[in-house]
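Engineer: sequence plus the predicted model coming up.
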Amino acid sequence: MDIEKIDSSNMLNQIKSLPNQIKESIEIINEYKFKIKDFKNINSVLIVGMGGSAIGGDIVNSIISDCSQIPFQVIRDYNLPNWVNENTLVICVSYSGNTEETLSCFDEAINRKSLIVGITSGGILQKKLNSYNLDSILIPKDKPPRACIGYISILILLVLEKNNIVNISSEKYLFDTSSKLENLTNTFAKAENSNPTFGLAKKIYKTIPIIYGDFRYTSSIALRWRGQIEENSKMISFHNSIPEMNHNEIVGYENNNDFFDKLSIIWLKDKKINIRNLLRQKFSSDILSESISKQFEIESHGESLIERIFYLIYWGDWLSFWLAIFHKTNPSPVRKIEKLKKKLAR
């Protein structure tokens with residue numbers, strides 16, 4: 001297969017850039033001087049974004065799940081929750097700076113006198129932030145938003161850490177993570193069966209992948225995998241979490257079983273999973289094996305939770321790339337999204 005011809009927009013290099021994005025994000029935040037001087041009254045955090053700009057908030061929610069002392073939520077909508085007020089830190093994330101849902105929430109946050117930090121590469125959001133003399137953390141331009149997961153997630157994390165909103169010291173773990181991902185690149189970038197991301201792609205590229213994580217640590221990664229498979233691979237995909245799927249979705253694998261041979265299931269696992277959820281994953285897989293033959297487990301690797309989470313993110317990004325290659329599909333264009341935007345702009 002002619003990978004360079006298929007990947008004519010060079011998504012391969014975008015995926016390879018994740019380890020460097022982590023290091024660059026540390027540099028960006030260490031050099032940044034916050035305009036907000038006092039975060040001590042913050043009693044809730046809200047991340048506002050869509051698509052590739054929102055998923056970073058979900059990833060951070062997994063990272064801080066064991067240390068956050070205040071509510072943390074990600075919303076993907078035009079309006080803020082009613083509880084948002086002057087003691088809420090609203091982090092508006094829009095890679096382009098022109099995401100209409102995020103801009104709508106920004107205006108509401110201004111009206112509610114919330115503390116606001118923006119993460120963007122420019123656009124209207126940057127202009128609005130500057131006009132109100134608010135914090136605007138800039139990331140490099142001219143990338144697909146979904147390929148900026150390193151910048152977006154790490155900068156959100158470091159905004160919280162540097163201003164003592166969460167009790168975490170992540171810099172060492174982030175450098176270790178970057179180094180480990182760089183070492184994985186040589187393996188994950190090979191079009192060989194010895195590369196596990198390539199091997200799994202070969203097995204499931206003609207299926208509809210369903211990804212399951214546990215609610216606390218890997219459900220955000222399951223969402224990331226689903227989004228990457230949909231945007232990069234141009235394949236429909238679904239995700240859910242344990243234990244929730246045990247209370248509804250597991251029953252759905254009964255009727256319309258003529259379609260089951262077109263489904264594959266991927267179970268994401270981390271060693272911090274609650275023991276009951278670990279049992280639920282095992283027993284659910286056993287039960288569903290009566291209907292779904294293509295089931296796969298992908299386990300995180302690394303000493304720290306940060307390292308393990310980004311290991312799985314990197315794994316999924318490469319999987320989505322190889323799925324696209326097997327379909328002889330350029331991973332970069334998102335034509336249906338662009339078509340929809342044009343219709344909305346009329």
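Structural biologist: Cool, the structure landed.
Engineer: give the rounded mean pLDDT of stretch 60-76.
Structural biologist: Averaged across stretch 60-76, pLDDT comes to 95.
Engineer: which residues touch that stretch?
Structural biologist: Applying CB atoms under 8 Å, 6 or more residues apart in numbering, the external contacts of stretch 60-76 come out as 42-50, 54, 57-58, 81, 101, 105, 153, 156-157, 160, 165-168, 170, 216-221, 272, 305-306, 309. (C-beta placed from N, C-alpha, C; glycine too.)
Engineer: could you pick out the buried ones from the residues you listed?
Structural biologist: Burial by neighbour count, 16 or more other CB atoms under 10 Å: within the contacts of stretch 60-76 this picks out 42, 44-50, 54, 57-58, 101, 105, 153, 156-157, 160, 165-166, 168, 170, 216-221, 305-306, 309.
Engineer: now, these that are in strands?
Structural biologist: 44, 45, 46, 47, 48 (DSSP state E).
Engineer: any chance of the residues you listed in TSV with distance to residue 65 as columns?
Structural biologist: What follows is those, written out as TSV (distance: CB to CB, whole Å):
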residue	distance to residue 65
44	16
45	13
46	16
47	14
48	20
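Engineer: may I see those residues organised as JSON lines, with pLDDT and distance to residue 68 added?
Structural biologist: Formatted as JSON lines, these follow (pLDDT from 0 to 100; distance: CB to CB, whole Å):
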{"residue": "44", "pLDDT": "97", "distance to residue 68": "10"}
{"residue": "45", "pLDDT": "98", "distance to residue 68": "8"}
{"residue": "46", "pLDDT": "98", "distance to residue 68": "13"}
{"residue": "47", "pLDDT": "98", "distance to residue 68": "13"}
{"residue": "48", "pLDDT": "98", "distance to residue 68": "18"}
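Engineer: got the contact list for the residue nearest to residue 58 when sequence neighbours are not counted?
Structural biologist: Of all residues not flanking residue 58 in the chain, residue 220 sits nearest, at 3.8 Å (CB to CB, 6 or more residues apart in numbering). Going by CB under 8 Å, 6+ apart, residue 220 touches 55, 58, 59, 61, 62, 213.
Engineer: wait, the second one touches residue 223, no?
Structural biologist: The one in question is residue 58. Yes: counting by CB atoms under 8 Å, residue 58 touches residue 223, with 6.0 Å between them.
Engineer: quick one, helices of the stretch 1-150 of the chain?
Structural biologist: 3-6, 11-16, 18-31, 55-63, 100-111, 123-131, 149-162 (DSSP state H, counting those that start in this stretch).
Engineer: mind checking which of those is nearest residue 244?
Structural biologist: helix 55-63 (15.3 Å; CB to CB).
Engineer: the inter-axis angle of the closest one versus helix 149-162?
Structural biologist: 50 degrees (axes from the mean of the first three to the mean of the last three CA atoms, to 10 degrees).
Engineer: what residues go with each domain of this structure?
Structural biologist: Following automatic domain parsing, one finds the domains of the chain at 32-168, 174-326.
Engineer: end-to-end on the shortest one?
Structural biologist: Length of domain 32-168, first residue to last, CA to CA, to the nearest Å: 19 Å.
Engineer: return the residues in contact with residue 296.
Structural biologist: 200, 203, 204, 264, 265, 266, 267.
Engineer: kindly present those residues as a markdown table, with separate columns for distance to residue 71.
Structural biologist: What follows is the contacts of residue 296, written out as a markdown table (distance: CB to CB, whole Å):
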| residue | distance to residue 71 |
| --- | --- |
| 200 | 36 |
| 203 | 40 |
| 204 | 37 |
| 264 | 36 |
| 265 | 32 |
| 266 | 30 |
| 267 | 29 |
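Engineer: not counting residues beside it along the chain, what's closest to the residue nearest to the spatial centre of the chain?
Structural biologist: The centroid of the chain falls nearest to residue 55 when counting by CA atoms, centre = their mean (3.6 Å). Using CB to CB, 6+ apart and skipping residues adjacent in sequence, the residue nearest residue 55 is residue 224, 5.4 Å away.
Engineer: surely the one you found is in contact with residue 57?
Structural biologist: No: counting by CB under 8 Å, residue 224 does not reach residue 57; the two are 11.5 Å apart.
Engineer: so how far is residue 20 from residue 241?
Structural biologist: Distance from residue 241 to residue 20, counting by CB to CB, to the nearest Å: 31 Å.
Engineer: which residue is the nearest non-sequential neighbour of residue 188?
Structural biologist: Closest to residue 188 by CB to CB, 6+ apart is residue 318, at 4.2 Å.
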